[in-house]
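[1] I would like the atomic coordinates for the input below:
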Amino acid sequence: MTLVAKSSLFQQRLIHTSVVRKDAPEVPDFSKYRTNIDSNRALSYFVVGSLGVLSASVAKSSVSEFLQTMAASADVLALAKVEVDLTTIPEGKNVIIKWRGKPVFIRHRTAGEIEEARSANWKSFRDPQSDEDRVKKPEWLIMLGVCTHLGCVPIGEAGDYGGWFCPCHGSHYDISGRARKGPAPLNLEVPAYEFTEADSKLVIG
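    The predicted structure is shown next:
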């Protein structure tokens, strides 16, 4: 077996690229300035908490301002309630007013109409409701003039029952505004209202 000496071309060479700079700046020691670590932590918590409270206050103010821009204007709020002088409506007549963009029927009923409305067998109707539950005073009937079928406006003093008739799809309502015939599933809606000034004023809303 012949041993061959390693050539100088295959000698292992170690290359070290790190060079120590003698003029590199030293990092200063700040340990003598940090006398109390706990006090610095408390200060950090205080700053973070203060920023959190300030951010929450700013967010609340921004949300409040945004909601105020979406609130109803003064003219819309004024229409939230409508006052009607009942002394101008003769007995046996209808009056239509506008409330919140919808028509409202006000009927000054006669004694015969009241008797007719209360003598009907309301328990057999598709939307059973007595006349007493629909009025606060027997002579005054207040309803939204919107057909409960598709939202049309019925015609007063018309139909098979002498109340209201919707010509769009043939719904008939009686003198109490109850659905009696046609596709209307419900009675005409009664809005919130009250009487004031010795019952001479009607406030709707």
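[2] sec struct for the residue nearest to Val135 when sequence neighbours are not counted, please.
    In space, Val135 comes closest to Leu141 once its chain neighbours are excluded; the distance is 5.7 Å by C-beta to C-beta, 6 or more residues apart in numbering. (Glycine included, C-beta is placed from N, CA and C.) Using DSSP: H, G, I helix; E, B strand; the rest coil, the three-state assignment for Leu141 comes out as strand.
[3] i'd like the first residue to be 318 from this point on
    Sure, I'll start counting at 318 from here, so that last one is Leu458.
[4] Tell me if I'm right that Leu458 and Val421 touch.
    No. In terms of C-beta atoms under 8 Å, Leu458 does not count as a neighbour of Val421; the distance is 10.8 Å.
[5] Which segments of this structure make up each domain?
    348-385, 395-521 (automatic domain parsing).
[6] out of these, deepest packed?
    The densest packing among the domains of the chain, expressed as mean neighbour count by mean count of other C-beta atoms under 10 Å, is seen in domain 395-521 with a mean of 17.
[7] and Tyr362, how far is that from Gly369?
    Between Tyr362 and Gly369 the distance is 10 Å, computed by C-beta to C-beta, to the nearest Å.
[8] go on, Ile492?
    Relative to Gly369, Ile492 is positioned 65 Å away (criterion: C-beta to C-beta).
[9] Great, nothing more from me.
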